[in-house]
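Chemist: the amino acid sequence is not available; the structure is as follows:
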């Protein structure tokens, strides 16, 4: 476990991760199509996102998984052996201490009440990528279900209004956003 106050440099960042599971590979297939669609053919693609928070004095992650929004210790969720597959998205305009606290509070509020995985919007991404038509849920206050990047986008939308269509945010959208710097995950960050 890593002790961390709100001042920790990773608190308020989003992590993007790539794994070798069949689901991760399937998501990356669709993200490869999408990155070409948005004019970023050389972009390394990721398949999952998580928020980095301070909770009870420790560095933790909150993320949307199949069982809903979860909170876990950073090293339990992402041991050092996985770090070469993680990209940290750090806000270009640094978060103030007040914003970091709010980021943690917003991230945790979805963990504190039953929140399920958003399979509808997850599947709608495929139709959006191929046909440019959104058939998923709209932005109207849905805070009961999220897929991973929708969750990260929603938290940043509540914090700073970064994403017009938070329900459509995918890993490539987070990665190409002009709001974040890219920092490879490495031990000097923790």
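Modeler: That came through, no problem. The structure presented is a predicted model; accordingly, all values stated were derived computationally and were not measured.

Chemist: what about the residue nearest to residue 128 when sequence neighbours are not counted, how many neighbours?
Modeler: Spatial nearest neighbour of residue 128, excluding adjacent residues (Cβ to Cβ, 6 or more residues apart in numbering): residue 134 at 5.3 Å. C-beta here means a position set from N, CA and C on the backbone, and glycine is covered the same way. Residues lying near residue 134 (other Cβ atoms under 10 Å) number 15.

Chemist: pretty sure residue 134 sits against residue 126.
Modeler: No. If you go by Cβ atoms under 8 Å, residue 134 and residue 126 don't touch, sitting 11.3 Å apart.

Chemist: overlap in contacts of the two?
Modeler: Residues touching both residue 134 and residue 126 (Cβ atoms under 8 Å, 6 or more residues apart in numbering): none.

Chemist: re earlier: and the residue nearest to residue 128, what pLDDT?
Modeler: Note for residue 134: predicted pLDDT of 71.

Chemist: what sits against it?
Modeler: 124, 127, 128, 165, 168.

Chemist: so it: helix, strand or coil?
Modeler: Classification of residue 134 by DSSP: H, G, I helix; E, B strand; the rest coil places it in coil.

Chemist: tell me how far it lies from residue 55.
Modeler: If you measure residue 134 against residue 55 using Cβ to Cβ, to the nearest Å, the figure is 33 Å.

Chemist: and if you look at residue 148?
Modeler: Distance from residue 148 to residue 55, by Cβ to Cβ: 18 Å.

Chemist: more neighbours: those two, which one.
Modeler: The residue with more neighbours, out of residue 148 and residue 55, is residue 148; 27 against 18, by other Cβ under 10 Å.

Chemist: residues contacting the more buried one?
Modeler: Taking Cβ under 8 Å, 6+ apart, one finds 48, 49, 50, 63, 64, 65 in contact with residue 148.

Chemist: put the buried members of those into a PyMOL selection.
Modeler: Here is the PyMOL selection string for the buried members of the contacts of residue 148, based on 16 or more other Cβ atoms under 10 Å:
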select buried, resi 48+49+50+63+64
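
Chemist: what does the host helix or strand of residue 63 contact?
Modeler: Residue 63 belongs to strand 58-65 when elements are defined using DSSP states H and E. Outside strand 58-65, the residues that touch it by Cβ under 8 Å, 6+ apart are 1-4, 8, 10-11, 15, 48-54, 69-74, 77-78, 107-108, 110-111, 115, 117-118, 146-148, 150-151, 190.

Chemist: buried only: go through those residues for me.
Modeler: 4, 8, 10-11, 15, 48-54, 69-72, 74, 77-78, 107-108, 110-111, 115, 117-118, 146-148, 150-151, 190.

Chemist: so which of these sit within strands?
Modeler: 15, 48-54, 69-72, 117, 146 (DSSP state E).
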